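# Give the three-dimensional model of this entry:
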Amino acid sequence: MAASWQDHIHILAAAPDADEATGEWSVMAKGLKPTGMPEHSVIAVPRRALDGTLRAHVLQSAGTPVLLTDYTLMVKCDAITDVSTWSGYLGTTKYFVPAYHDAAAHDDYDVLVLVEKIGVPESPGPLAPVFYLPVRLTDAD
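Prediction:
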């Protein structure tokens, strides 16, 4: 199989196995969550460009690739307890499998990251059962 865009990421305390199925979180690109977006249309972008746009890419600097190793995510939390779980991750190192990965080879895509910042959870409305949590991860390798 080959890497492709998934509708989820993994955050794990230990390095993942090839067929890892735990620690899954739905993610979206910040600002791309209109209220009418159906559940199955989750948009995930794990890297940002220097100009602020959200896309995965490699820049060239004097012929050497420059890969951005920080990740700004909008994590979908299905309950306030999920927000509490993420709050417990703050300041810890975790294994991160970005949304762009082979569904059958998670261990080939894991990166050790520091959960650097967790923002204020956003809710689409007072009766909405979900929260969107801004999260910043930094490469810890």
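
# Number of residues surrounding the closest residue to residue 3 other than its chain neighbours?
Closest residue to residue 3 apart from its sequence neighbours, by Cβ to Cβ, 6 or more residues apart in numbering: residue 102 at 4.8 Å. No exception for glycine: its C-beta is placed from N, CA and C like everyone else's. The number of residues packed near residue 102 is 16, by other Cβ atoms under 10 Å.

# next one: the one 10 residues further on
Residues contacting residue 112 under the criterion other Cβ under 10 Å number 13.

# What distance do you get for it to residue 3?
19 Å (Cβ to Cβ, to the nearest Å).

# now residue 113
Separation of residue 113 from residue 3 (Cβ to Cβ): 18 Å.

# More neighbours: these two, which one.
Higher neighbour count among residue 113 and residue 3: residue 113, with 22 against 13, using other Cβ under 10 Å.

# Sticking with that one, tell me its helix or strand.
strand 111-118 (DSSP states H and E).

# following that strand, which helix or strand comes up?
Taking DSSP H and E, what comes next after strand 111-118 is strand 131-139.

# Which positions in that next one come out as buried?
Neighbour-count burial for strand 131-139, counted by 16 or more other Cβ atoms under 10 Å, picks out 131, 132, 133, 135, 137.

# Over to stretch 74-89?
Buried, per 16+ other Cβ under 10 Å, within stretch 74-89: 74, 75, 76, 77, 82, 83, 86, 89.

# Give the helix, strand or coil label for the fifth one.
Think residue 82. Three-state call for residue 82 (DSSP: H, G, I helix; E, B strand; the rest coil): helix.

# what's the nearest residue to it if we skip its chain neighbours?
The nearest residue in space to residue 82 (Cβ to Cβ, 6+ apart) is residue 131, at 7.4 Å.

# who's in contact with that neighbour?
Contact analysis of residue 131 by Cβ atoms under 8 Å, 6 or more residues apart in numbering lists 76, 77, 79, 80, 82, 83, 121, 122, 123.

# 7 Å instead?
77, 80, 83, 121, 122, 123 (Cβ atoms under 7 Å, 6 or more residues apart in numbering).

# from what I can see the first one touches residue 135, true?
No - with contact defined as Cβ atoms under 7 Å, residue 77 does not reach residue 135; the gap is 10.2 Å.
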